[in-house]
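Novice: A structural model of the following input is requested.
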Amino acid sequence: MTVDHRLLRLLQLASPMLPVGAYSYSQGLEWAIEEGTIHDAASGEAWIGHVLQYGLARFEAPVWLHLYSAWADADADALAYWNELFIASRESTEFRAETLQMGTSLRVLLLDLGEIDIEARTRLRALEPVCFPAAFSLAAQAWDIPAPAALAAYLWGWLENQVGALMKTLPLGQTDGQRLLRRLADGIPVAVEYAQRGEPLSNFLPGLAMASCRHETQYSRLFRS
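Specialist: The predicted structure follows:
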């Protein structure tokens, strides 16, 4: 049996070793724990599941697919549009700083690896600032990873970091964390399928935006968002 090199590249993109600092962000989850909305595994599962279903599936994932298509079509105007739209959708200072820091870090890595063609490198440098979905989708497209699989990996990385944040701030052990991850992961294929259907974009999660804003002034914290 021959292992497809694209699978190895996909694992590389989804790895927590990807040097973009994703582990340092909780996306407001830390404040929800401090405030008491999240207080155990069940409430944490509900929070993360709702963000996946009503936020990532209905906005971030479709935008990611548009960016992937724009890279494939070498469409600089579409890249600029979707990159700017995603950055503008970040409701708080921390949300915006997160996607720009992670996007810039991944851009540096991709340019240093030298495995994307010169035209794509030029378009990548032109995105200033660059959001994380734009850089991630370029890596996937340049490495010939099919969009659905790459988007699933993108969502998996987000989910793994969210569950990791729970485990660092709640009395939640490794086994319980893995159980939680397995249950929540069932929402990833659903999110990918929804994103592919071309439904109108929706990013209305006021509770999440408020949690992120409150986190900015939280007295004691482990995470950067």
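
Novice: so how far is the helix ranked longest in the chain off the chain centroid?
Specialist: Secondary structure of the chain per DSSP state H: the longest helix is helix 147-169. With Cα atoms, centre = their mean, to the nearest Å as the basis, helix 147-169 stands 7 Å off its chain's centre.

Novice: Show the average pLDDT along it.
Specialist: Mean pLDDT, helix 147-169: 96.

Novice: Remind me what that helix packs against, helices and strands.
Specialist: helix 5-14, helix 29-35, helix 41-51, helix 61-72, helix 132-142, helix 174-185, helix 187-196 (3 or more Cβ pairs under 8 Å, 6 or more residues apart in numbering; DSSP states H and E). (C-beta placed from N, C-alpha, C; glycine too.)

Novice: Quickly compare those helices and say which is most buried.
Specialist: Ranked by mean neighbour count under mean count of other Cβ atoms under 10 Å, the helices and strands packed on helix 147-169 are led by helix 132-142, which reaches a mean of 25.

Novice: got the CA positions of that helix in CSV?
Specialist: Output of helix 132-142 as CSV, limited to C-alpha atoms (Å, rounded to 0.1, in the frame of the first residue of the first chain):
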residue,chain,number,x,y,z
PHE,A,132,-5.1,32.8,8.9
PRO,A,133,-7.7,31.2,6.6
ALA,A,134,-6.0,32.8,3.6
ALA,A,135,-2.6,31.4,4.4
PHE,A,136,-4.0,28.0,5.3
SER,A,137,-6.0,27.7,2.2
LEU,A,138,-3.0,28.6,0.1
ALA,A,139,-1.0,25.8,1.7
ALA,A,140,-3.7,23.3,1.0
GLN,A,141,-4.2,24.4,-2.6
ALA,A,142,-0.5,24.5,-3.3
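
Novice: from here on, count from 850
Specialist: With the count now opening at 850, the last piece we talked about shows up as helix 981-991.

Novice: Quick test: name the residue nearest the centre of this protein.
Specialist: Trp1007 (4.8 Å; Cα atoms, centre = their mean).

Novice: separation between that one and Ala923?
Specialist: Remark: distance between Trp1007 and Ala923 (Cβ to Cβ, to the nearest Å) = 27 Å.

Novice: do the same with Glu879
Specialist: Relative to Ala923, Glu879 is positioned 40 Å away (Cβ to Cβ).
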